[in-house]
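S.K.: got a sequence here, can you model it:
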Amino acid sequence: MWRRSLPDAAAPPPSGATASRKARNGIPLFEGFLALLIGGLVIGQISRYVSDVLEQAERSAVDATLMNIKSGMRLEAARRILAMQVALPAGGNPVRFLAAPPAGYMAESGLPEPVAPGTWFYRTREDTLFYVPKHHGHLRIENVTKDTVLGWKIVKRSDEAKEPALQTVTPYVWF
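M.R.: Residues are numbered from 1 along each chain as shown. Take a look at the predicted model:
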């Protein structure tokens, strides 16, 4: 019958790299550094992706608000035509054409300086609706002033249409 003997406690450990690795406790320094480096790169990429998604969502919300203002202007113009009233006048606060003000809308007067990002506001003296973007990494504005602010106003159209239009005051490209 075969008997298996137990290793002698005084016997030397097996030689080679695997033996020295087994002898140490924990992760080797190089492998730990490599894991941290890869983890940092992954977190950095995820962070950039999340930032881009947030900015695209903000741009979509701004576009939806502007579309709703234009729809409200068309609805008001149709209502005036049916009631045989005068055409919709140029100027004024475009927010009046919305069922409810957009999220982050502040009153028409008494605005703090500087205005917080994500805020819509209307300045009577300029007759313009403004928006201060929260995320503007992909936003390019022509004729940039000191602040990143987008603006729109209701103007009389130059064509033969009687109804005014919502015009961009600060030309921009977002994405």
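
S.K.: surely Y131 touches I141?
M.R.: No: look at Y131 against I141 with C-beta atoms under 8 Å: they stay out of range, at 11.7 Å. (Glycine included, C-beta is placed from N, CA and C.)

S.K.: list residues touching both of those two?
M.R.: L150 (C-beta atoms under 8 Å, 6 or more residues apart in numbering).

S.K.: more neighbours: those two, which one.
M.R.: Neighbours around Y131 and I141, counted as other C-beta atoms under 10 Å, are more numerous at Y131. The numbers are 25 against 18.

S.K.: please tell me how far the more buried one sits from E55.
M.R.: The spacing between Y131 and E55, counted by C-beta to C-beta, to the nearest Å, is 14 Å.

S.K.: H135 is in contact with W174, correct?
M.R.: No: between W174 and H135 there is no contact under C-beta under 8 Å: 9.8 Å.

S.K.: residues contacting the residue most central in space within the chain?
M.R.: Note on the chain: the residue nearest the mean C-alpha position is E55, at 2.0 Å, using C-alpha atoms, centre = their mean. Going by C-beta under 8 Å, 6+ apart, E55 touches H135, H136, G137, H138, L139, F175.

S.K.: cool, and T170?
M.R.: T170 makes contact with I141, E142, N143, V149, L150, G151, according to C-beta under 8 Å, 6+ apart.

S.K.: could you look up the SS state of the residue nearest to the centre of the chain?
M.R.: helix (DSSP: H, G, I helix; E, B strand; the rest coil).

S.K.: how many neighbouring residues does the nearest residue to it once chain neighbours are set aside have?
M.R.: In this structure, E55 finds its nearest non-sequential neighbour in H135, 3.7 Å apart by C-beta to C-beta, 6 or more residues apart in numbering. Close neighbours of H135, defined as other C-beta under 10 Å, add up to 18.

S.K.: residues in contact with H135?
M.R.: Per C-beta under 8 Å, 6+ apart, neighbours of H135: S51, L54, E55, E58.

S.K.: now distance to T119 too, for those, in TSV please.
M.R.: What follows is the contacts of H135, written out as TSV (distance: C-beta to C-beta, whole Å):
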residue	distance to T119
S51	20
L54	16
E55	16
E58	12
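
S.K.: just the buried subset of those residues, please.
M.R.: Using 16 or more other C-beta atoms under 10 Å as the burial test, the contacts of H135 include E55, E58 as buried.

S.K.: from A83, how far out is the residue nearest to the centre of the chain?
M.R.: 42 Å.

S.K.: and D127, by the same measure?
M.R.: Applying C-beta to C-beta to D127 and A83 gives a distance of 25 Å.

S.K.: with N93 instead?
M.R.: 21 Å.
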